[in-house]
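J.: sequence and predicted structure below; questions after.
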Amino acid sequence: QVQLVESGGGLVQPGGSLRLSCAASGRTFSSYAMGWFRQAPGKEREFVAAVSYGGSIKYYAESVKGRFTISRDKSKNTVYLQMNSLKPEDTAVYYCAADLTPDNLRVGRSAYWGQGTQVTVSS
């Protein structure tokens with residue numbers, strides 16, 4: 001089992017930045033690819049970003065490329081999502097996820113999910 005706990009969400013103005021964190025516990029963190037998804041009101045959950053267990057492979061949704069950066073710190077069992085130049089359409093609940101490969105995450109498959117953290121982009 002892998003337990004995932006997100007933090008760092010909140011209210012931010014358009015153009016602002018936030019950094020989400022996801023602390024993992026349970027099975028060996030470094031064995032899993034990690035990722036972020038989001039779900040806006042009335043919409044399906046969508047893939048945002050993923051990073052391989054070694055950190056060398058990263059995938060991003062087209063809508064966040066150039067604005068969001070995913071990273072992981074093995075010493076802290078934590079994965080981050082740095083979000084810059086935020087837009088109102090980035091408003092959603094953001095979920096941390098873990099699976100064996102980043103390719104699984106990119107197509108929406110995940111073995112483990114966090115509870116989510118709310119991000120609201122509004123003036």
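T.: In hand now; what should we look at? Numbering: from 1, shown residues only.

J.: contacting residues around the residue positioned nearest the centre of the chain?
T.: With the centre of the chain defined as its mean C-alpha position, the nearest residue by C-alpha atoms, centre = their mean is Trp36, 2.3 Å away. Taking C-beta atoms under 8 Å, 6 or more residues apart in numbering as the contact definition, Trp36 lies against 20, 22, 48-50, 70, 79, 81, 94-97. For every residue, glycine as well, the C-beta is placed using N, CA and C.

J.: could you rerun that using 6 Å?
T.: With contact taken as C-beta atoms under 6 Å, 6 or more residues apart in numbering, Trp36 is in contact with 48-49, 81, 94.

J.: helix or strand for it, which one?
T.: Trp36 is part of strand 33-39, with elements assigned from DSSP states H and E.

J.: count of neighbours near Ala98?
T.: Other residues lying near Ala98 total 27 when counted by other C-beta atoms under 10 Å.

J.: check Tyr112 too.
T.: Other residues close to Tyr112 by other C-beta under 10 Å number 17.

J.: number of residues surrounding Ser63?
T.: For Ser63, the tally of surrounding residues (other C-beta under 10 Å) stands at 14.
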